[in-house]
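Q: Pasted the sequence and its predicted model underneath.
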Amino acid sequence: MVDEMYADINNPEIANDEYFANRTILTTTNAVVQRINEAVTQRLEGVSQEYLSTDSVEEDEKVNFFEQEVLHTVNINGISPHKLTLKKGTPIMMMRNLNPDLGLCNGTRLGIVELKTHVIHATIMTGERQGQHVLIPRIVFISDGEAREFPFGLRRKQFPVQPAFAMTINKTQGQTVQNLGLCTSHCRE
């Protein structure tokens with residue numbers, strides 16, 4: 001499916017913000033989204049930049065004996081992963097409302113212009129702010145205390161984005177996309 005949806009991914013005359021804004025692969029789970037996004041990112045030419053989060057346990061927690069290595073393995077829906085691998089040109093999606101006045105809302109899709117140590121320089125790919133340049137900083141995510149899968153609250157400092165080659169069906173609400181691939185549970189990259 002990746003070959004069909006992103007056949008021209010490395011053709012600079014075709015693969016631009018409009019190309020990426022008008023295509024995505026839909027699937028039902030975040031685990032499959034992550035797998036597809038990693039596979040397509042690897043196929044995209046260019047140097048990858050790996051961003052590692054800073055993780056800790058909420059200060060008010062009585063449980064504070066978790067090693068960093070253990071915290072890095074925790075994946076919670078709605079929180080960026082510990083390791084975020086990106087490349088220039090990668091389409092990304094905001095995972096949080098960062099600055100609605102600038103168009104940086106949960107679900108906004110952007111194209112990476114430049115990757116720096118502390119910010120991502122990107123352009124908004126869709127909507128009334130299309131073409132606007134923005135800088136995205138790292139933020140602190142805090143896991144929801146009421147819906148915990150773990151016996152602690154996680155604090156993770158990471159960029160509030162994820163690659164947007166694929167997304168869950170729920171995330172596409174309000175999106176306009178011309179070329180869709182549908183990946184069921186039997187989908188292969």
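A: Thanks, I have it.
Q: CA atoms for contacts and neighbours, from now on please.
A: OK.
Q: Need the per-residue pLDDT for residue 187.
A: Here, the pLDDT recorded for residue 187 equals 66.
Q: what's the spacing between residue 153 and residue 75?
A: Separation of residue 153 from residue 75 (Cα to Cα, to the nearest Å): 12 Å.
Q: Looking at those two now, which is surrounded by more residues?
A: Looking at residue 153 and residue 75 with other Cα atoms under 10 Å, you find the greater number of neighbours at residue 153, namely 20 against 14.
Q: top helix in the chain by residue count?
A: Longest helix of the chain, by residue count under DSSP state H: helix 30-43.
Q: ok, and for whatever helix or strand comes next after it, which residues are buried?
A: Counting by DSSP states H and E, the next helix or strand C-terminal to helix 30-43 is strand 48-52. Along strand 48-52, the positions that meet the burial threshold by neighbour count (16 or more other Cα atoms under 10 Å) are 51, 52.
Q: So what are the sheet partners of strand 48-52 and their directions?
A: Taking DSSP bridges as the criterion, strand 48-52 pairs within the sheet with strand 83-87 (antiparallel).
Q: Let me see the mean pLDDT of the helix or strand just after the partner strand.
A: Counting by DSSP H and E, the next helix or strand C-terminal to strand 83-87 is strand 91-94. The predicted model gives strand 91-94 an average pLDDT of 96.
Q: helices or strands up against the helix or strand of the chain with the lowest mean pLDDT?
A: When the helices and strands of the chain are scored by mean pLDDT, DSSP states H and E, helix 68-72 comes last with a mean of 73. For helix 68-72, the helices and strands in contact under the criterion 3 or more Cα pairs under 8 Å, 6 or more residues apart in numbering; DSSP states H and E are strand 54-57.
Q: just the CA coordinates of the longest helix of the chain, formatted as CSV?
A: Included here for helix 30-43 are C-alpha records, laid out as CSV according to Å, rounded to 0.1, in the frame of the first residue of the first chain:
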residue,chain,number,x,y,z
ASN,A,30,-2.3,3.9,16.6
ALA,A,31,0.1,0.9,16.6
VAL,A,32,-0.4,0.4,12.8
VAL,A,33,-0.2,4.1,12.2
GLN,A,34,3.2,4.2,13.9
ARG,A,35,4.4,1.2,11.9
ILE,A,36,3.4,2.7,8.6
ASN,A,37,4.8,6.1,9.5
GLU,A,38,8.1,4.6,10.4
ALA,A,39,8.2,2.6,7.1
VAL,A,40,7.4,5.6,4.9
THR,A,41,9.8,7.8,6.8
GLN,A,42,12.6,5.3,6.1
ARG,A,43,11.8,5.4,2.4
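Q: in it, what's buried?
A: Counting neighbours by 16+ other Cα under 10 Å, the buried set in helix 30-43 is 30, 32, 33, 34, 36, 37, 38, 40, 41.
Q: gap between the residue nearest to the spatial centre of the chain and residue 88?
A: Closest residue to the average C-alpha location of the chain: residue 162 at 0.6 Å, with Cα atoms, centre = their mean. For residue 162, the distance to residue 88 equals 13 Å [Cα to Cα].
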